[in-house]
Every structure is written in structure tokens, then in C-alpha cells.
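>>> With the sequence up front, the predicted model follows.
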Amino acid sequence: MRYHLGWVDQQGEPQAGSAPLSLQPALALASCEALGGDFRNALPVAASVELIYNFTLIHGDVQAGRADPGNRPSVWWVWGPAQAINAGDGLHALGRTTMMRLAQNEVPAEKVLRAVRSLDMACLTLCEGQYMDLQFQDQMMITTAAYMDMIGRKAGALAACAAESGALTAGAGDEACAKLGQLGMKMGMAWQIARDIDDFWGERGDGMTPSNVLNKKKSLPLVHTLENSSVSVKRELGSIYMKRVLETDDIAKMIEILDSTDARQASHGKAQELVDQALAGLEGVSGITREGMDTLADLGQWAVAGGR
């Protein structure tokens, strides 16, 4: 688990650096502060959702067969799928017990239970989203609506839990917590779309990224192209996806087709639209400071940029 989080190397020796920053813990802290709370009270929430998110990454690498998801080999590639599942399950258990540490910050017991239940429901929902994501790989035509439903579960649920539980630690009422939960949901979806864009084009825009699309996942740029292209383009994409294994040249051709339909710009626009909706949904919510709104807006732009 420490290796996956970037704290040690394969031999267990301390290592400089850490795993990439993720949206969920930042949402927990920002939501608490936006409502006038002390962000330190939300640290158990932030740590909890970060551990849960990393549990999904370890299991996701096993499901997708990703040997090198970032700058070093994945857990399953080093120790095997069975031990990777154990490590992922361990992170899930740690994430759940970490949420319970809210009690040490004098959060009332009923609110601690509410946060734990929110986390459990988010885990169930994100597993549903991952199920849908894998199921989509065997289908050629996926609608935008189906894709949005999928990422709302896969990426939105945990982000919603983070923001809602962060608001809870600030002493917010039911309405404010629900509104922050909706904000988290939409920002989580925007963040996932930005990651989809990076999976195709990468930071250099050449389509060469560690995860790439060799596992035939249906992400928004591809869904947009299939919905808005001519029959001939759909056939061309279909011929590529019918192959048992996609090669580097196939990816380059897909990028060319996606560029011809402005899929990147359309997807980025959808991510921005979600963030705009998220922030607009907080209008009229009492207790949110101006500085807090600015922080949440900055976080939304960070999400649209894919966490860069």
C-alpha cells in the first residue's frame, strides 16, 4: 500500500515524491472552509476519500491489465493480481476506519455515522460505475447520456461524498450539505472528462499516454465522435475497434478521426459546463463565504484542466 501511494520503493525503502494529487480530498477541505469551518476538522474526510480513491486505482489496474499506469510499475505487476486485490481491499478498510476518526475532532456521533454511510454508499455507487465502464467496452455505440450516467457513478459519487462530508464537519445543515454534495458530483464528473481527454491526447497532444485507450474504453471524446460523425467515419472507427488488439498506429488514426470532429473541444466544453453548473447550484446557500466560493471556483478550473 505504501508503494502504491508513492512513499516507498519495491524494496520498502523510503522514496521521495508521492502519488499525483486527486480532486476528492481537496473538495473535502475546500467545502469545510467555504462554510466557515476549520479545514483541519475535515482532514479525516480528506484522508478517507483519498484512501478509497487509491483502492479503486489498484483494482482498476488489475481489471484493465495496466502494468505501468504512471511513472513506475503497478502493484499487480510487481506482486501479482492476488496481492494487488489484498492491497486494494486494505486501502478500502483503512478509508472506512479513517472516516470514523471524525469523532476525535468532536464531530457528533450521528454526523460521523452519516459520513460513514455516505462513504459506503459512494463505494457501492462507484463500483456500479466501474461495472458499467467495463460493460461499455463490449458495445460499439454508447450514448452521451449513458456515458454521463456512468461517470456520475464512477467519478461523481466519491467526490460528492467528499464535499458533503466536508460540509458536515463545518456544522452545515441538510440543505447546504446536499448542495455541496451536488457540487462535488458535477466537479467529479468534469474531472473524469478531463482525464478522458488526457487518455487520448496526453499533455503533449500526441495521444501517447500511459493508460491510453488500448483497452477499448468508451470515453466522451469517442462517444461524441460516434454520435456526431458520418456513417463512413463510424465504419472506420468500427473497423479499428473490431480488432482483437489495438496497436500504436490504430491510436494515431483514432486521434486523427477525433480531431476531425472537434471531439477534444466538445469534451472540454462539457467539463466546463459541469463546473459552471456546480458553482451556480450554490447560489442562495447560506453560510458560504466569498473567499470560499473563489476557492471552489479555482478547484473547479483545476478539475477541468485534469488536475494540472
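Alright, I've got the coordinates.
>>> what's next to whichever strand or helix holds residue 83, contact-wise?
Element membership for residue 83 (DSSP states H and E) is helix 81-99. Helix 81-99 has contacts (C-beta atoms under 8 Å, 6 or more residues apart in numbering) with 1, 4, 44-45, 47-52, 54-56, 58-59, 61-62, 74-76, 79, 112, 115-116, 119-120, 123, 165. For the C-beta atoms, the positions are set from N, CA and C on the backbone; glycine is no exception.
>>> likewise stretch 167-176?
Counting by C-beta under 8 Å, 6+ apart, 31-37, 41-42, 45, 102, 105, 107, 111, 114-115, 177, 180-181, 285-288 sit against stretch 167-176.
>>> Alpha carbons of stretch 77-86, as CSV, please.
What follows is stretch 77-86, C-alpha atoms only, in CSV (Å, rounded to 0.1, in the frame of the first residue of the first chain):
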residue,chain,number,x,y,z
TRP,A,77,2.7,-6.1,-12.0
VAL,A,78,5.2,-6.2,-9.1
TRP,A,79,3.4,-8.6,-6.7
GLY,A,80,0.7,-10.2,-8.8
PRO,A,81,-3.1,-9.7,-9.1
ALA,A,82,-3.9,-11.6,-5.9
GLN,A,83,-1.7,-9.4,-3.7
ALA,A,84,-2.9,-6.3,-5.5
ILE,A,85,-6.5,-7.2,-4.6
ASN,A,86,-5.4,-7.6,-1.0
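>>> Quick check: next helix or strand after the helix holding residue 83?
Heading C-terminal from helix 81-99 (DSSP H and E), you reach helix 109-136.
>>> for that next one, packing partners?
helix 43-64, helix 81-99, helix 144-151, helix 157-169 (3 or more C-beta pairs under 8 Å, 6 or more residues apart in numbering; DSSP states H and E).
>>> For the third one, output the C-alpha coordinates as CSV.
By that I understand helix 144-151. What follows is helix 144-151, C-alpha atoms only, in CSV (Å, rounded to 0.1, in the frame of the first residue of the first chain):
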residue,chain,number,x,y,z
THR,A,144,-23.7,10.6,-24.2
ALA,A,145,-26.5,10.1,-21.7
ALA,A,146,-25.2,6.6,-20.8
TYR,A,147,-21.7,7.8,-20.5
MET,A,148,-22.7,10.7,-18.2
ASP,A,149,-24.6,8.3,-16.0
MET,A,150,-21.6,6.0,-15.8
ILE,A,151,-19.1,8.8,-14.8
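>>> Now do it: which elements does it pack against?
helix 109-136, helix 174-201, helix 220-228.
>>> and among the ones you listed, the most buried is which?
Among the helices and strands packed on helix 144-151, helix 174-201 has the highest mean neighbour count (mean count of other C-beta atoms under 10 Å), at a mean of 24.
>>> Pull the distance from it to the chain's centre.
8 Å (C-alpha atoms, centre = their mean, to the nearest Å).
>>> what is the orientation angle of that helix with helix 220-228?
80 degrees (axes from the mean of the first three to the mean of the last three C-alpha atoms, to 10 degrees).
>>> Quick one: buried ones out of the contacts of stretch 167-176?
Those of the contacts of stretch 167-176 that meet the buried threshold are 31-35, 37, 41-42, 45, 102, 107, 111, 114-115, 177, 180-181, 285, 287-288, by 16 or more other C-beta atoms under 10 Å.
>>> Flag every buried residue along stretch 154-174.
Here stretch 154-174 shows 154-172 as buried, counting by 16+ other C-beta under 10 Å.
>>> one step back: list buried members of the contacts of helix 81-99 by neighbour count.
Of the contacts of helix 81-99, these count as buried by 16+ other C-beta under 10 Å: 1, 4, 44-45, 47-52, 54-56, 58-59, 61-62, 74-76, 112, 115-116, 119, 123, 165.
>>> list the contacts for the residue nearest in space to the middle of the chain?
Nearest to the mean C-alpha position of the chain, counting by C-alpha atoms, centre = their mean, stands residue 155 at 4.1 Å. Residue 155 makes contact with 126, 129, 188, 189, 191, 192, according to C-beta under 8 Å, 6+ apart.
>>> Now with 6 Å, please.
188, 189, 192 (C-beta atoms under 6 Å, 6 or more residues apart in numbering).
>>> if I pick the last one, what's in contact with it?
Going back to what we said before, that points to residue 192. Residue 192 touches 151, 155, counting by C-beta under 6 Å, 6+ apart.
>>> go again using 10 Å as the cut-off
23, 129, 147-148, 150-152, 154-156, 159, 219-220, 271, 274, 303, 306 (C-beta atoms under 10 Å, 6 or more residues apart in numbering).
>>> just the second one next, same as before
Residue 189 makes contact with 147-148, 150-157, 159-160, 220, 270-271, 274-275, 277-278, 303 under the criterion C-beta under 10 Å, 6+ apart.
>>> ok so, going back, adding pLDDT and distance to residue 140, write the contacts of residue 155 out as CSV.
Listed next are the contacts of residue 155 as CSV, based on pLDDT from 0 to 100; distance: C-beta to C-beta, whole Å:
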residue, pLDDT, distance to residue 140
188, 97, 27
189, 97, 23
192, 94, 21
